[in-house]
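> Give me the fold of what follows.
(4 chains)
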Protein chains: 4
Amino acid sequence: MPLTPEQQAEIEAARASGQTTLRATVAGMEAHLYRAHPVLDHGFVRVVDYMGDDGAICQAARVSYGKGTRQVSSDAGLIRYLMRHWHSTPFEMCEIKLHVKLPVFVARQWIRHRTANVNEYSARYSILDREFYIPAPDALAAQSSVNNQGRGRALEGDEAARVLDILKTDSSRAYDHYRDMLSTEGQSGLARELARMNLPANIYTQWYWKIDLHNLFHFLRLRADPHAQYEIRVYAEAICQIVRDWVPAAYAAFEDYRMGGVQLSARAVACLRRMLNGENVSQESSGMSAGEWREFQTVIRPETE
Amino acid sequence: MPLTPEQQAEIEAARASGQTTLRATVAGMEAHLYRAHPVLDHGFVRVVDYMGDDGAICQAARVSYGKGTRQVSSDAGLIRYLMRHWHSTPFEMCEIKLHVKLPVFVARQWIRHRTANVNEYSARYSILDREFYIPAPDALAAQSSVNNQGRGRALEGDEAARVLDILKTDSSRAYDHYRDMLSTEGQSGLARELARMNLPANIYTQWYWKIDLHNLFHFLRLRADPHAQYEIRVYAEAICQIVRDWVPAAYAAFEDYRMGGVQLSARAVACLRRMLNGENVSQESSGMSAGEWREFQTVIRPETE
Amino acid sequence: MPLTPEQQAEIEAARASGQTTLRATVAGMEAHLYRAHPVLDHGFVRVVDYMGDDGAICQAARVSYGKGTRQVSSDAGLIRYLMRHWHSTPFEMCEIKLHVKLPVFVARQWIRHRTANVNEYSARYSILDREFYIPAPDALAAQSSVNNQGRGRALEGDEAARVLDILKTDSSRAYDHYRDMLSTEGQSGLARELARMNLPANIYTQWYWKIDLHNLFHFLRLRADPHAQYEIRVYAEAICQIVRDWVPAAYAAFEDYRMGGVQLSARAVACLRRMLNGENVSQESSGMSAGEWREFQTVIRPETE
Amino acid sequence: MPLTPEQQAEIEAARASGQTTLRATVAGMEAHLYRAHPVLDHGFVRVVDYMGDDGAICQAARVSYGKGTRQVSSDAGLIRYLMRHWHSTPFEMCEIKLHVKLPVFVARQWIRHRTANVNEYSARYSILDREFYIPAPDALAAQSSVNNQGRGRALEGDEAARVLDILKTDSSRAYDHYRDMLSTEGQSGLARELARMNLPANIYTQWYWKIDLHNLFHFLRLRADPHAQYEIRVYAEAICQIVRDWVPAAYAAFEDYRMGGVQLSARAVACLRRMLNGENVSQESSGMSAGEWREFQTVIRPETE
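Reported below is the predicted structural model:
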């Protein structure tokens, strides 16, 4: 369970009393506010605040004085146009603030996205809880034999059991020793900023993370992608569900142009034109490397082939 | 008047209908929302949206689950501590979005602050209005004789009249020519992206500008400073009034530690210690340059001397 | 002529004396160093410094200790892989510093790229030179009738002459008045920070501009694009020539994947698959809007059709 | 030893062959280039490249065409002026690229400085080495009893021995298990991106880190400060030595105005003026909290008191 009863009570208290505001509000997001969406075994994502909506993107693009008399359909068209032509600044006018609980090795990938604001729980100042990520059986994957940074099928039988046992036992022992070193019973007690170094990367941390919609879309495109590591992808997918409820028109454009879209090289475009003219193009005659050709095939042929 | 009746009506419409939200709201900011605060002769600043309040700064600093049971006084103490020790990330958790109308030469200074999101009205796409900044008599200042980038006393008499006449006449003629070149009556009409090059830097532009509180404080410290150019300082001062109503505790800490605070060099601190020990220190014995010594005097001696 | 004899002499002096270094150096860039490449009527681009080369991109990607024993061909392959999969951080490990002289209205577009370092010549502190951009006849374009932010064919005959006359006369008069207002002969002289407001947007300014290769590529993709305004595009094209000599492998990958590449939406990919299966797809059956369909046609059909 | 013989040989090879360049070079930095400066038990800092020197700061501030005829003393004066008045952009015109090997818990603090470019060694792609930070006896500190995020005196005797034993044994066991899980002998072998989660935060990682001088000074002010955690401070101190050799005038100004300088609040300045007027001010009459008063005393009274 990611939340204690006390934490759950704090969330309920925050959800109990609405206030009147003149700002842009979105009913779908109000329903999400403060609630913890569970991710992995102990993690969560929850919305702490948001700024703007689909209309705010258009207002900024038009530098307008009010909501104007535009229709929702005209806003959706403008949003698609902005997305298609990489006009990123209107999307930067929306902002979201999340509270995320996540394993440290996921946090280390996540933080590489620098255009965000972060406040992490400090293990110099506080003592971390005994919560570790232990993969579910179907997430316990073997190293991929074809992709140096990918994973293959799930481990089975004894090997899976051995790995789970190692992860659980080592986490537990490391945490016991962490508390032993910190203890001031009959000893001085090691500094917290030092004791934390004994903790493995599957321990959970948490942070407040604030980012604008343009940069969030960039994060989601990379991290909700099938090639992203499973443990960060599930967070990205949880955020996708939230964004869909927040800015439905922008999210639909994002799905069409970014998540579902592809980038083709000049060589690939040249091939395509020849193929549409009826020519039979092979890798050899394409000018592409084997890797590029393989990726090109996945674009033009249904993945089910 | 910075606003047309239509624009004023759009603003009134936006202010007419509140919605219920669970987010942090601030009564003082709700009163500001959408209203245009006049600045200079045709400019304004108005709040389009905001995220967070004093409590949100503390929640982020504590990475907490709800508002907790802390008292307002404890929040103010934490905010002062964070400001004093340059813990900037909790202040980044608040965000504000402004609509600003301002002369182009002010916009060019303003945009140097890069850690903000901007959507400017496009003179490639649209035709600019006939609105130019013409300084009020007391803002029509002579070049400073002591500071290469400062200004001295207000011009007087004939000189003031000549300058005002030049600014008004040249602006007016440039704008007439701008419209003449754009006109498609009996001619093709010059491209808007070219015609705009004839317009002087006192023409007004406008933009949506979004920034987090930490970076806004940095902007305000530099631009609300007495050494800042008057024409940007009045915008900074208008924003200060707004921020004071938004996050009163953070703004009070900002005033004490940043706006009213000073930075002393190691040499200055060494001097100070000697002076507090009763020593009579002169510029010569201080190790400081003439300029540094002068600035040091303004710190330790009341400015009225 | 963009340079005075004194400036030319300073450049020659800087080019006269080489020093020995252990850093990565590129012969092609050493040839560019300090020289001014003319752009428009009075502008230029010149390289002031650079960091890294194609090898440095690979070293960073491999976090290696030295140049290793890799071959140039292996480096080029890695660079193509990094570009194709949007691994941007290795490209950020190269940096370039340029000195650019450019009209103010171009500078205003340029500065929107925020991920760069800029030091602009200060018109608060110094007096600007009498240099204005006056378009060459073939750059004096009419407003496009189909694209709100584009331009059409060149103006002709009397209209062209009228426009040129306006631009020249207004620039000249504005500059005369600028100097008149600044003058201290028989008067106080207006502050420089105020007098500059009378100058039109075709006056030249200059700055030092420093950016990493990843962000430079982003700038070049947008600004060397045929849809960019001509007056900024010529600067981008001049920089492209320089980058080609600096990091040839990275530039070739950039040309293939970014400049010559295209982004297709999910809808467009679905269409493509149907077309490759022999289906005859029309705009109606494509699910695309008229604008999207038109853009899609330019991708799959040679532009000469 | 932080380097293998092979790595040392690569470094020597890179240092063996200088090239001629027209760029600004600094003899003191050439001596540092590529060499590994040892930090902690297995870490290091080494300079991979640099851009600019003291002169380059001034050239950018003046937007000049060449080195000009200014003297070194005039440059140093300008640099002090720029530092004193927070003109940060000229310092951004210098850039440095470092290769750093450091424990993961240090890397996690370090990465919070977002205005830098980073390429980290990937434990998804590669297998980490068996190298762990084990504190030297005098760095094995107890938790501070007065500062929640600080450390007190070194642990002694049995307690120190117990802690060292835990850190060594747990690291070693975790690493053995990491290799066991990865092994493909008689089993599939766990994916590298998963196996790494068993590794504790004292394992070493490495990265290429590139940053401009302004942001580097900000990093150094926070991390070379006596209140910074010892394990990151030793890296900052090693970098300070390097920067001193790179840009001596800028570093001297940094030491005077930033490292050795202090920030006083408006309240503190008011106190100071009263004290210089001979008044005896106590905490009660100062308007400061106990914590602020204590910090104020360390500024005005020599630390040796």
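
> for chain B, what are the nearby residues on the stretch 151-300 of chain A?
With C-beta under 8 Å from any C-beta of the partner chain as the criterion, the stretch 151-300 of chain A meets chain B at residues A:206-208, A:210, A:212. Quick note: C-beta positions are derived from backbone N, CA and C, even for glycine.

> A:A139: neighbouring residues, count only.
Number of residues near A:A139 (other C-beta atoms under 10 Å in any protein chain shown) recorded here: 17.

> For the helix or strand where A:A161 lies, name the packing helices and strands.
Applying DSSP states H and E as the criterion places A:A161 in helix A:157-182. With contacts taken as 3 or more C-beta pairs under 8 Å, 6 or more residues apart in numbering or on different chains; DSSP states H and E, helix A:157-182 sits against helix A:192-195, helix D:157-182.

> which residues touch the first one?
Residues external to helix A:192-195 that are found in contact with it (C-beta atoms under 8 Å, 6 or more residues apart in numbering or on different chains): A:123-127, A:178, A:181-182, D:135, D:140-141, D:143, D:149-151, D:229.

> Of the residues of the stretch 151-300 of chain A next to chain B, which belong to strands?
A:206-208, A:210, A:212 (DSSP state E).

> Out of those residues, which comes closest to chain C?
A:D212 (12.7 Å; C-beta to the nearest C-beta).

> residues in contact with that closest one?
Here A:D212 is in contact with A:91-95, A:115, B:117, B:210 (criterion: C-beta under 8 Å, 6+ apart).

> all helices of the stretch 151-300 of chain A, in order?
A:157-182, A:192-195, A:213-223, A:230-246, A:248-254, A:266-276, A:283-286, A:290-300 (DSSP state H, counting those that start in this stretch).

> ok now the first one, how far from the chain's centre?
Distance of helix A:157-182 from the chain centroid (C-alpha atoms, centre = their mean, to the nearest Å) equals 27 Å.

> Give the buried residues for that helix.
A:159-160, A:162-164, A:166-167, A:170-171, A:173-175, A:177-178, A:180-182 (16 or more other C-beta atoms under 10 Å in any protein chain shown).

> And stretch A:261-271, by the same measure?
In stretch A:261-271, the ones that count as buried by 16+ other C-beta under 10 Å are A:261-262, A:264-271.

> next one: stretch A:117-129
A:117-124, A:128.

> just to revisit the earlier point, show the average pLDDT along the helix holding A:A161.
Mean per-residue pLDDT for helix A:157-182: 97.

> Check stretch A:57-65 too.
Averaging pLDDT along stretch A:57-65 gives 91.

> Now do it: everything it contacts.
A:66-68, A:70, A:75, A:78-79, A:82, A:87, A:89-91, A:93-94, A:213, A:247, A:250, B:3, B:7, B:10-11, B:48, B:99, B:119-121, B:206-208.

> buried subset of the residues you listed?
Here, 16+ other C-beta under 10 Å leaves A:66, A:75, A:78-79, A:82, A:87, A:89-91, A:93-94, A:213, A:247, A:250, B:3, B:10-11, B:48, B:99, B:119-121, B:206-208 buried among the contacts of stretch A:57-65.

> Among those residues, which are located in strands?
Using DSSP E, the subset of those located in strands is B:48, B:99, B:119-120, B:206-208.

> Out of those, which is nearest to B:W293?
Taking C-beta to C-beta as the measure, B:W207 is the one of these closest to B:W293, at 41.5 Å.

> Spatially nearest residue to A:H177, not counting backbone neighbours?
D:I166 (4.7 Å; C-beta to C-beta, 6 or more residues apart in numbering or on different chains).

> my read: the one you found touches A:D176, true?
No. Using C-beta atoms under 8 Å, D:I166 makes no contact with A:D176, being 9.7 Å away.

> Only the buried residues of stretch A:213-227, if you could.
So stretch A:213-227, judged by 16+ other C-beta under 10 Å, has buried residues A:213-224.

> Next, see if it gets close to chain C.
Yes. Shown here: stretch A:213-227 in contact with chain C (C-beta under 8 Å from any C-beta) through A:L222.

> Contact partners for the most centrally placed residue in chain A?
In chain A, the centroid-proximal residue (C-alpha atoms, centre = their mean) is A:A236; its distance is 2.5 Å. By C-beta under 8 Å, 6+ apart, the contact list for A:A236 reads A:219-220, A:223-224, A:228.
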